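Asks: Sequence first, then the predicted structure, then my questions.
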Amino acid sequence: MASDPARPRRTAADVTRMKGRGEKIVVLTAYDTPSARILDRAGVDILLVGDSLGMVVLGHETTLPVTLDDMLRHSAAVVRAKPGALVVADMPFLTFHTTPADAVRAAGRLVQEAGVDAVKLEGGERVRGEIEAILKAQIPVMGHLGLTPQSVLRMGGYRVQGRGANAEDVLLADAKLLESLGCFAMVLEGIPWGVAQRLSEAVSIPTIGIGAGPRCDGQVLVFHDFLGLHEGLRPKFVRRYADLAGQIESATRAFASDVREGRFPSLDESYE
Ligand code: KIV
């Protein structure tokens, strides 16, 4: 889909090159057209249609119930914003855990039907074959290591990963694997900042941190978290840049009181 000619659509290769130039990469999640337009206007580099969708938009407790149909609908909505940012869609649970062929079919649908530029999938060595197959289909892949939310049942909760020499070495090996397979970037989530720094220095592709400290090559936050729209537990790494929940609540109270007191609509806001 054509993007604004004033801001040509970024490619996955453009994002990889940003690391070489020492440019920090700005990533936010987006799930619908109007918010994607606003984020894009503000100049983000990547709009990530995360499967966090399940928790912040659809009201699930985890990302596990998110389906490929959910991701297709919301990814297409973000692409309809015609952003200059690269649009990356998460591959939801069970779309790449069976066979490489299933993984290619799911990634292919996200590209063909929703129009995304790249897909993201969680895991390193355990999804090597799936990443290889998707890349063979010429679809750019972003990796995701550390606290991988689709592993919540196995991890026994959302816990910081990569603590201890062995866990750190496994992460390092996975990061190098993603680089060698040809991923264009990787998310590092929920790991100590020193480990994230070591990984970022060890690979030539960009690392995008979330709860991984300041030494990554870019940062990502979830839309509802950074704008103060998600009212659940707030992890330490979430910085709130606005209190939209508070603003929406006061606007709603003002509207309700205007309706109840007969102040809305005025005659000026009515047709003759
Ligand atoms: O689903 C998501 O939004 C993500 C980001 C938090 C990286 O995977």
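Replies: Yep, that arrived.

Asks: near the ligand, which residues of the stretch 151-272 of the chain?
Replies: Residues of the stretch 151-272 of the chain lying close to the ligand by CB under 6 Å from any ligand atom are 187, 189, 210, 220, 222. In short, each C-beta sits where N, CA and C put it, glycine included.

Asks: Mind checking which of those are buried?
Replies: 187, 189, 210, 220, 222 (16 or more other CB atoms under 10 Å).

Asks: Can you tell me the element Ile131 falls in?
Replies: Ile131 is part of helix 128-136 when elements are defined by DSSP states H and E.

Asks: Can you give me the buried ones in that helix?
Replies: Residues 128, 130-135 are the ones in helix 128-136 that count as buried (16+ other CB under 10 Å).

Asks: Give me the contacts around the one helix or strand His144 maps to.
Replies: Using DSSP H and E, His144 sits in strand 141-146. The contact list for strand 141-146 (CB atoms under 8 Å, 6 or more residues apart in numbering) reads 12, 88, 107, 118-124, 131, 134-135, 161-162, 171, 174-175, 178, 181-191, 196, 199, 208, 212.

Asks: returning to what we had before: just flag the most distant two among the buried ones among the residues of the stretch 151-272 of the chain next to the ligand.
Replies: By the measure CB to CB, Val187 and Val222 form the most distant pair in these, at 11.9 Å.

Asks: Find residues that contact each of these two.
Replies: Ile210.

Asks: how about the strands in the stretch 1-150 of the chain?
Replies: 25-29, 46-49, 86-90, 118-120, 141-146 (DSSP state E, counting those that start in this stretch).

Asks: which non-adjacent residue is nearest whichever residue of the stretch 51-200 of the chain sits closest to the ligand?
Replies: The nearest approach of the stretch 51-200 of the chain to the ligand comes at Ser52, 3.2 Å away (CB to the nearest ligand atom). Once flanking residues are discounted, Ser52 sits nearest to Val222: 5.1 Å by CB to CB, 6 or more residues apart in numbering.

Asks: now swap in Val220 and tell me
Replies: Here the residue nearest Val220, using CB to CB, 6+ apart, is Val27, at 3.8 Å.

Asks: same thing with Gly43?
Replies: The shortest distance from Gly43 to any non-neighbouring residue, by CB to CB, 6+ apart, is to Val26 (7.3 Å).

Asks: Show the pLDDT at that neighbour.
Replies: At Val26, the pLDDT value in this model is 98.

Asks: Check the burial of Ser270 by counting its neighbours.
Replies: When neighbours are defined as other CB atoms under 10 Å, Ser270 has 7 of them.

Asks: Repeat that for Pro65.
Replies: By the criterion of other CB under 10 Å, Pro65 has 15 neighbours.

Asks: residues in contact with it?
Replies: Residues in contact with Pro65 (CB under 8 Å, 6+ apart) are 54, 58, 93.

Asks: and of the residues you listed, the nearest to Met71?
Replies: For these, the nearest to Met71 is Gly54 (9.6 Å; CB to CB).

Asks: Surely the closest one touches His60?
Replies: Yes - counting by CB atoms under 8 Å, His60 is a contact partner of Gly54 at 4.2 Å.
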